[in-house]
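>>> coordinates only, no sequence provided:
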């Protein structure tokens, strides 16, 4: 199960209560550091569910550079270790830089990257993907990201390059880890 959210909140419903500590369900959640996000309850790195729960808290203000680097290092290693039979993806987009509630500065580039990565890993490990819509409050980026991610999971070419470039330029103005 992969979750990308501002908070670990939505993931808690199905991960913490239903799958926490279960060997059959490895969970990976990328989210804003819970020390910087009310209600400060869950999503800490040390909440490992007996080694089957991976919380990846990102510093408030993190952008594409931090997110992409973390995903490209961690996910291939986890796939190699776990060899999943199915991947459930909760496609939260509330880490997008213009989300008024969030504290992350991800652009469409991050969502494009991670969905491409998961699509390639799914193909490599002959694994099916179940994609579920998630949070996010910035339109039209929410529906663009969902459409783009689903196409990337299926390794179908999309035409969101203009939106990716536009959002990357905008979001990197705010991210502490941008190169610009």
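Nice, I can see it. Everything numeric in this text was worked out from a predicted model, so none of it was measured.
>>> for the closest residue in space to residue 130 that isn't next to it in sequence, helix, strand, or coil?
Leaving aside its sequence neighbours, residue 130 sits nearest to residue 88 (Cβ to Cβ, 6 or more residues apart in numbering; 4.8 Å). Placement of C-beta: from N, CA and C, glycine included. The local conformation at residue 88, judged by DSSP: H, G, I helix; E, B strand; the rest coil, is strand.
>>> surely residue 88 and residue 132 touch.
Yes: counting by Cβ atoms under 8 Å, residue 132 is a contact partner of residue 88 at 6.8 Å.
>>> now for residue 68, how many residues are close by?
Using other Cβ atoms under 10 Å, residue 68 is surrounded by 17 other residues.
>>> thought residue 70 was touching residue 58?
Yes: counting by Cβ under 8 Å, residue 70 touches residue 58, with 7.3 Å between them.
>>> who's more crowded, those two?
The neighbour comparison of residue 70 against residue 58 (other Cβ under 10 Å) goes to residue 58, with 23 against 15.
>>> ok, that one touching residue 105?
No: when contacts are counted by Cβ under 8 Å, residue 58 is not listed as touching residue 105 (9.7 Å).
>>> pull the number of nearby residues for the closest residue in space to residue 174 that isn't next to it in sequence.
Leaving aside its chain neighbours, residue 174 sits nearest to residue 105 (4.5 Å; criterion: Cβ to Cβ, 6+ apart). Residues lying near residue 105 (other Cβ under 10 Å) number 29.
>>> quick one, phi psi at residue 105?
phi -130, psi 50 (degrees, to the nearest 10).
>>> do I have it right that it meets residue 97?
Yes: because the distance of 4.2 Å satisfies Cβ under 8 Å, residue 105 is recorded as touching residue 97.
>>> before we move on, back to that, looking at residue 88 and residue 132, which has the bigger crowd around it?
Just comparing residue 88 and residue 132: by other Cβ under 10 Å the higher neighbour count belongs to residue 88, 18 against 14.
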